[in-house]
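Novice: Sequence below, structure please.
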Amino acid sequence: MLPTLPHEIYELICIHLLGSDMDLHAYSLSCHHFHSIAQKYLFEKITLMFSHVGMEHTNVDKICHLLLSSPQIAALVKEVAIVDDRRAVRMQPSYLCREAIFSTQGLPRLTNLETLRLESTGFPTLMWPSISSDMANALNNTCHRNIAHLALYRVMDVPLEILDGCTSLVELSLELVTFSRHEMDEFESGRWKSTRNHNIPKLKSLQVTLSDPLFHFFSKWITSSKCNLDASTQRRFSATMTMEYHDLGNVNRILQACTDTLEIFCFSPTLLDHPNKSATIDHIDIRSLPRLRVLRLRVGIVSRRRLQGYTLHSIFPWTFDLLRQLESSLTVCEISLKVSLAKELENGAIRGRGVIDMSAWGSLDSFLALNVTPLRSLRFICLDVEMESSIDARQQIRQHLPQLNDKGILRVEVASALLGFLCTDDKEFPRRVR
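Specialist: Just a heads-up that it's a prediction; the model follows:
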């Protein structure tokens, strides 16, 4: 008879096998004792892929029947991702348009569900009005029950009542979504009626990737007294702008709502060059954030029509103006800068191919080294497509930031972000705060 190992050993084996469902499944079948342990990890997160009408969905059907026939399995599910994955160019309706057994009976069985993700990864985006009424009602009821983490990606015409009715929400992610035009008009006209909950959920993390007009509306809605979400308790706020952005008053509105709690601030504006003038955007205020520990900026300038009088401008002035607000900070210990050095490369090209003119950045080096004493890490992240012309780009950057480099604070990295930093990069902008 084999000696009995501590239960924690079996748990560690399962954790080591995470990411490979086939290995976990084989582990669960190898021994009766392993079966119940592995099941917890096999069914903790499930992903349901829906494509266009007419295709078989055996995976979804099997999962639904399993949840209906095995309540003990349904109780293990903590995260569900519902993915609309239509790949055809033609605008075929999503399978989510149909009434499905999962929406009416499957979702309500998931009593311990904490995280819900609704994503569109196919060619067309997912329109909320195209979802079947049963599925929409099931999603609505699930969000209003016990969902703590809600993420929507490429979903159009999302009803505000979905967000407003959440009772347990602590983390909200809205990427490339739009809201119901009717409800937006009602809010703007003062006719919006919120469904008030006795326990207003306190947000800990908010991540938004929105166009300028939608962010303008969202910032007003989430900070208003009519919204049923408490934005004043955020520990982490991440904002990414998907088009040219100038009105930082909207960002400041959300920052002012959580001045006493915010610890991590990630900001990614998109700046566009204009002929005969420098790209400028309004001032952003981070001085009133006494708990701020981590600041992550992802800033790039997109030159739309360079051959027609558009010139490149350095993003340094805007970046330095923002970072100067950290003078005498007692809390900021990490700064990440993912920046475009196109202008610095253009200036350096006068002296030779691959030369980076970062002379202006020397003032940032001395300022951070002398005035932000808690700083323990400065990550300077540049684009690989810009750095490929210089074989010693990292060394040049270190030479222009000598004080930070000598203190062991500076880390120079290369990233592959494209399209003016419009793409999401989870490595630089983590989704969750633990």
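Novice: What mean pLDDT does the strand or helix carrying residue 173 get?
Specialist: Applying DSSP states H and E as the criterion places residue 173 in strand 171-175. Taken as a whole, strand 171-175 carries a mean pLDDT of 95.
Novice: neighbouring strands for that strand, and are they parallel or not?
Specialist: Partners of strand 171-175 in the sheet, by DSSP bridges, are strand 149-153 (parallel), strand 205-210 (parallel).
Novice: could you dump these to JSON lines with mean pLDDT, distance to residue 412 and mean neighbour count?
Specialist: Where you see a C-beta, it was placed from the backbone N, CA and C, and this is true even at glycine. Output for those, formatted as JSON lines (pLDDT from 0 to 100; distance: least, C-beta to C-beta, whole Å; neighbours: other C-beta atoms under 10 Å):
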{"stretch": "strand 149-153", "mean pLDDT": "95", "distance to residue 412": "31", "mean neighbour count": "21"}
{"stretch": "strand 205-210", "mean pLDDT": "92", "distance to residue 412": "26", "mean neighbour count": "22"}
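Novice: Include distance to residue 227 when you put those strands into TSV, please.
Specialist: Formatted as TSV, the strands paired with strand 171-175 follow (distance: least, C-beta to C-beta, whole Å):
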stretch	distance to residue 227
strand 149-153	15
strand 205-210	12
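Novice: Out of these, which is closest to residue 357?
Specialist: Among the strands paired with strand 171-175, strand 205-210 comes nearest to residue 357, with 32.4 Å by C-beta to C-beta.
Novice: In three-state terms, label residue 381 for me.
Specialist: Using DSSP: H, G, I helix; E, B strand; the rest coil, the structure places residue 381 in strand.
Novice: hang on, it packs against residue 340?
Specialist: No - judged on C-beta atoms under 8 Å, residue 381 makes no contact with residue 340 at a distance of 10.6 Å.
Novice: And these two? Which one has more around it.
Specialist: Per other C-beta atoms under 10 Å, whichever of residue 381 and residue 340 has more neighbours is residue 340, with 24 against 20.
Novice: Quick one: low-confidence residue ranges for the stretch 151-300 of the chain.
Specialist: Low-confidence segments of the stretch 151-300 of the chain, defined by pLDDT under 70: 195-198, 243-249, 270-282, 300.
Novice: Outline the domain layout of this protein.
Specialist: Domain ranges of the chain: 7-42, 44-233, per automatic domain parsing.
Novice: tell me the most buried of those domains?
Specialist: domain 44-233 (a mean of 17; mean count of other C-beta atoms under 10 Å).
Novice: Now do the SS call for the closest residue to residue 405 other than its chain neighbours.
Specialist: Leaving out its chain neighbours, the residue that sits closest to residue 405 by C-beta to C-beta, 6 or more residues apart in numbering is residue 398, at 4.6 Å. Recorded secondary structure, residue 398: helix (three-state DSSP).
Novice: Could you check how many residues crowd around residue 398?
Specialist: Per other C-beta under 10 Å, the neighbour tally for residue 398 reads 17.
Novice: So it versus residue 297, what's the distance?
Specialist: 19 Å (C-beta to C-beta, to the nearest Å).
Novice: sorry, back to before: which residues sit in contact with the residue nearest to residue 405?
Specialist: Residue 398 is in contact with 405, 410, 412, counting by C-beta atoms under 8 Å, 6 or more residues apart in numbering.
Novice: Redo the residues you listed as TSV? Include distance to residue 44, pLDDT and secondary structure.
Specialist: Output for those, formatted as TSV (distance: C-beta to C-beta, whole Å; pLDDT from 0 to 100; DSSP: H, G, I helix; E, B strand; the rest coil):
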residue	distance to residue 44	pLDDT	secondary structure
405	43	92	helix
410	39	92	strand
412	38	87	strand
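Novice: just these now: which is nearest residue 373?
Specialist: Nearest to residue 373 among the contacts of residue 398 is residue 410, at 15.8 Å by C-beta to C-beta.
Novice: so that closest one sits right up against residue 404, yeah?
Specialist: Yes - using C-beta under 8 Å, residue 410 is in contact with residue 404, at 4.2 Å.
Novice: Now do the shared contacts for those two.
Specialist: Counting by C-beta under 8 Å, 6+ apart, the contacts common to residue 410 and residue 404 are residue 378.
Novice: secondary structure element for residue 62?
Specialist: In this structure, residue 62 sits in helix 58-69 according to DSSP H and E.
Novice: just checking, what packs against the next helix or strand along the chain from that helix?
Specialist: Next along the chain after helix 58-69, taking DSSP H and E as the criterion, comes helix 71-74. Here helix 71-74 touches helix 58-69, going by 3 or more C-beta pairs under 8 Å, 6 or more residues apart in numbering; DSSP states H and E.
Novice: For the helix it packs on, what does the pLDDT average out to?
Specialist: What helix 58-69 shows for mean pLDDT is 72.
Novice: Over to stretch 413-420?
Specialist: For stretch 413-420, the mean per-residue pLDDT is 60.
Novice: can you tell me which of the strands paired with strand 171-175 comes nearest to residue 131?
Specialist: Evaluated over the strands paired with strand 171-175, closeness to residue 131 peaks at strand 149-153, with 12.2 Å, by C-beta to C-beta.
Novice: Next secondary structure after that closest one?
Specialist: The helix or strand immediately downstream of strand 149-153 is strand 155-156, counting by DSSP H and E.
Novice: ok, that next one: who's next to it in the sheet?
Specialist: Neighbouring strands of strand 155-156 in its sheet, by DSSP bridges, are strand 126-127 (parallel).
Novice: Check which helices and strands the helix or strand following the partner strand sits against.
Specialist: The first helix or strand that comes after strand 126-127 along the chain, using DSSP H and E, is helix 133-143. The contact analysis (3+ C-beta pairs under 8 Å, 6+ apart) places helix 133-143 against strand 115-120, helix 160-164.
Novice: so which of the ones you listed gets nearest residue 220?
Specialist: Nearest of those to residue 220, taken as C-beta to C-beta: helix 160-164 at 12.1 Å.
Novice: Give the full set of residues in contact with the nearest residue to residue 360 once chain neighbours are set aside.
Specialist: Distances taken as C-beta to C-beta, 6+ apart put residue 316 closest to residue 360, at 5.1 Å, once the chain neighbours are dropped. Counting by C-beta under 8 Å, 6+ apart, residue 316 makes contact with 360-361, 364.
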